[in-house]
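1. no sequence on hand, only this structure:
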Ligand SMILES: [Zn+2]
């Protein structure tokens, strides 16, 4: 068994501590202790050591998209995001034809079995196609359809080894039966929906337990009509995603939500293929999108995913939303690991957990990423 160790300031047991020595063997953390010096041979971290980020909603990056349905595309996306601090993710699809969606899931499943050098694919997140045309955002309207238990069964059968999430609109035909049928197998998320507060509370009772990119593509919070956002905020257990790019949600609202439901918020990227690429024109499924000033938009101005990375999301929560790093790290690691059903081995720096670690510099640059004990080579 080969042992390696990494030494420095680290986020352990909910706090940032100096002089932490983390010992790794066989992909796992086997020991975490305070040490006065770095033992010889240990890696002295150039920055703070935090648990690897877990992104439960990511479509693409570095010019590739999970909808490309190829091994090369999956490798490019997972590799790119690993360099930005993401060590685990749910490969996220879009509303597409039955055939195209099936091909994408099959490619994700194959890649996850083969492994790779990038972020680990722990789950699939189907974003649509059983969603609201009225709240489609940049999703392909022609591909939106009523819920189909048989279609979903066939998709699940491609990747029974992965965790599954699905974004649905409660008001769409067949969605209630779908949730009730698969609730023990799939984490259902409310999103791309025109449902009001009562409609979303009902969906939580059916078995949904998560909200996709809170505030975006759903009914907002009004004091007389609390909407989907009100249903998320007042829920006791349901979790919610936030796109912390400073464009999708105002920094003050990012701050408010993180302080209101700190154990139930997951930072996501919702990144598309243009993420990590220069400004310009890109494709999002059949749509043309333009990337400029840190946002991806359709020609009519509708936001079309993001060009955010998890590293940048953490930075924004600290620098734009004014939150302490200790409060932000769990939103990027522990909470999403719980959502993805991998919290027994991901999201924390503790013995027995996978050695997924990120070293963040003072300027929030990633100086190193460890993927199950292996340092990502640049
Ligand atoms: Zn998305």
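-> Perfect, thanks for sending it. Because the structure is predicted, anything quoted here is derived from the model rather than measured.
2. please count neighbours and contacts with C-alpha atoms only from this point.
-> Will do.
3. what bridges to residue 306?
-> As for beta bridges, residue 306 partners with residue 271 under DSSP bridges.
4. hang on, it packs against residue 271?
-> Yes - at 4.7 Å, residue 306 counts as touching residue 271 under the criterion of CA atoms under 8 Å.
5. what residue spans form the domains of the chain?
-> Using automatic domain parsing, the domain parsing of the chain gives 4-49+355-375, 53-339.
6. looking at those, which is buried most?
-> Highest mean neighbour count of these: domain 53-339, a mean of 21 (counted as mean count of other CA atoms under 10 Å).
7. ends of that domain, how far apart?
-> 13 Å (CA to CA, to the nearest Å).
8. from the middle of its chain, how far away would it be?
-> Chain-centre distance of domain 53-339: 7 Å, with CA atoms, centre = their mean, to the nearest Å.
9. show the average pLDDT along that domain.
-> Average pLDDT, domain 53-339: 96.
10. go on, stretch 4-24?
-> 97.
11. what is the end-to-end distance of that stretch?
-> The straight-line separation of the ends of stretch 4-24 (CA to CA) is 5 Å.
12. any idea which of the domains of the chain gets closest to residue 347?
-> Evaluated over the domains of the chain, closeness to residue 347 peaks at domain 53-339, with 4.1 Å, by CA to CA.
13. just the strands in the stretch 1-150 of the chain please.
-> 3-12, 15-25, 28-34, 43-44, 48-51, 53-58, 60-61, 64-65, 86-93, 120-127 (DSSP state E, counting those that start in this stretch).
14. each with direction, which strands does the longest one pair with?
-> Applying DSSP bridges, strand 15-25 is found paired with strand 3-12 (antiparallel), strand 28-34 (antiparallel).
15. per-residue pLDDT, residue 368?
-> pLDDT recorded at residue 368 is 96.
16. can I take it that it is in a strand?
-> Yes - counting by DSSP: H, G, I helix; E, B strand; the rest coil, residue 368 is part of a strand.
17. ok, it - contacts?
-> Residues in contact with residue 368 (CA atoms under 8 Å, 6 or more residues apart in numbering) are 83, 358, 359, 360, 375, 376.
18. mind putting the domains of the chain into TSV with distance to residue 346?
-> Converted to TSV, those look like this (distance: least, CA to CA, whole Å):
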stretch	distance to residue 346
domain 4-49+355-375	7
domain 53-339	6
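19. figure out which of those domains is closest to residue 349.
-> domain 4-49+355-375 (5.8 Å).
20. any idea which helix is longest in the chain?
-> Determined from DSSP state H, the single longest helix within the chain is helix 98-114.
21. show me what that one is packed against.
-> Contacts defined by 3 or more CA pairs under 8 Å, 6 or more residues apart in numbering; DSSP states H and E place helix 98-114 against helix 71-82, strand 86-93, strand 120-127, helix 149-158.
22. looking at the ones you listed, which is closest to residue 139?
-> Smallest distance to residue 139 across these (CA to CA): 9.0 Å, for strand 120-127.
23. how close does the residue of the chain most remote from its centre get to residue 23?
-> Of all residues in the chain, residue 40 has its C-alpha farthest from the mean position, at 36.5 Å, by CA atoms, centre = their mean. Distance, residue 40 to residue 23, using CA to CA: 13 Å.
24. what do you get for residue 250?
-> Per CA to CA, residue 250 is found 40 Å from residue 23.
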